[in-house]
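Enquirer: Give me a 3D structure for the following:
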Amino acid sequence: MPLAQNPLSVEVELPREDVALITVDGYLDVDTATEFQAHLANQLHHGRRHFLLDLSSVPFMDSSGMNIILRVYQETRKTEGSVHVISPAPAVRRILDLTGVSITVPISESLDAALTRVDEGPHLPGEPEGPGV
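Expert: Below you'll find the model as predicted:
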């Protein structure tokens, strides 16, 4: 069986009962998006309300990855949850900024900063962000 061209590794940790830390390693594109979505759906199914997406080891993300992030954001809003991106690689950060996703989904530079934002509650677009930026 041939290996995928761009294998994806996804690890899930639970820093708190309702918080899932999803660490992604590899290309997040049309070939790997289904696997990423399955992990997020599983955590939603188990009642996680807050998603911390560590994208520091994702060198490339296309619209498939962005769409999944936005879909999980919409799902978490129904339960007063949240999605936070942690330390995106420079190319991924650029895509998030250019598409406006970073306006909707907060970006933090560390796990602690993202957890602080979870504790502070949701921020509306245009509102000043907390000190955890």
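Enquirer: Just want the most central residue of the protein.
Expert: For the chain, L53 is the residue whose C-alpha lies nearest the centre (C-alpha atoms, centre = their mean; 3.1 Å).
Enquirer: in whichever strand or helix holds it, what counts as buried?
Expert: For L53, the element it lies in under DSSP states H and E is strand 50-57. For strand 50-57, burial by neighbour count (16 or more other C-beta atoms under 10 Å) applies to 50-55. The way it works is simple: take the backbone N, C-alpha and C, and place the C-beta from them, glycine included.
Enquirer: next helix or strand past it?
Expert: Next helix or strand after strand 50-57 toward the C-terminus (DSSP H and E): helix 63-77.
Enquirer: As PDB, could you dump the C-alpha coordinates of the strand holding L53?
Expert: Output in PDB follows, covering the C-alpha atoms of strand 50-57 (Å, rounded to 0.1, in the frame of the first residue of the first chain):
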ATOM      1  CA  HIS A  50     -13.000  24.700  23.000                       C
ATOM      2  CA  PHE A  51     -10.500  23.700  20.300                       C
ATOM      3  CA  LEU A  52      -6.900  24.800  20.400                       C
ATOM      4  CA  LEU A  53      -5.300  24.100  17.000                       C
ATOM      5  CA  ASP A  54      -1.500  23.900  17.200                       C
ATOM      6  CA  LEU A  55      -0.500  24.600  13.500                       C
ATOM      7  CA  SER A  56       3.200  25.300  14.200                       C
ATOM      8  CA  SER A  57       4.200  22.100  12.200                       C
END
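Enquirer: Just the residues contacting that strand, thanks.
Expert: Here strand 50-57 makes contact (C-beta atoms under 8 Å, 6 or more residues apart in numbering) with 15-16, 18-26, 28, 40, 43, 61, 69, 72, 76, 81-89, 92, 111, 114-115, 118.
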